[in-house]
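*Asks:* attaching a predicted model along with its sequence, questions to come.
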Amino acid sequence: MPGISRRKSRELAVMLIYSRDRLDDSNEMEHFIHPDSHQGKGVDEFANELVEIAWNNLVVIDEMIQKNLKNWKQNRISPVLNSILRISIGEILFYQKTDGKVILNEAIELCKSLVGEQATKICNGVLHAVWSATNHQIDI
């Protein structure tokens, strides 16, 4: 999949991290996402990097999600929305090569297409809070 857009890469990353939540065996997911594995061949490099970042920092990312959800529990939001938040927060906190506003806009567009318009307020609220809190600490 070389040459696919960053938006498509982010969408793929959301699908992969969503799949990770549905797999019982973490070794199975390792096989799934790594480019040198049979099933992982062709996985976009950027998507793979976003998944690795989210996976390796899941505890911190989930704490940020829960901290910034207003009147919601993380386990009560859509699993796809949760995956979008995980990938986006991972990119904001740990990738640091993309402007935060771009990440927020991309996440909102993914949210509209994968979850629905009603979820964009939650997505925007959580991501804006995370980005604002880290904007002074991280050069985005």
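*Replies:* Done, it's in.

*Asks:* can you give me the helices in this protein?
*Replies:* Counting by DSSP state H, the chain has helices at residues 6-22, 26-33, 45-56, 58-68, 79-90, 100-114, 120-134.

*Asks:* return the most buried member of these.
*Replies:* Neighbour counts (mean count of other Cβ atoms under 10 Å) averaged over each of the helices of the chain peak at helix 79-90, with a mean of 25. (Glycine included, C-beta is placed from N, CA and C.)

*Asks:* that one vs helix 45-56, what angle?
*Replies:* Calculated by axes from the mean of the first three to the mean of the last three Cα atoms, to 10 degrees, helix 79-90 forms an angle of 100 degrees with helix 45-56.

*Asks:* show me what helix 79-90 is packed against.
*Replies:* When contacts are defined as 3 or more Cβ pairs under 8 Å, 6 or more residues apart in numbering; DSSP states H and E, helix 79-90 packs onto helix 6-22, helix 45-56, helix 58-68, helix 100-114, helix 120-134.
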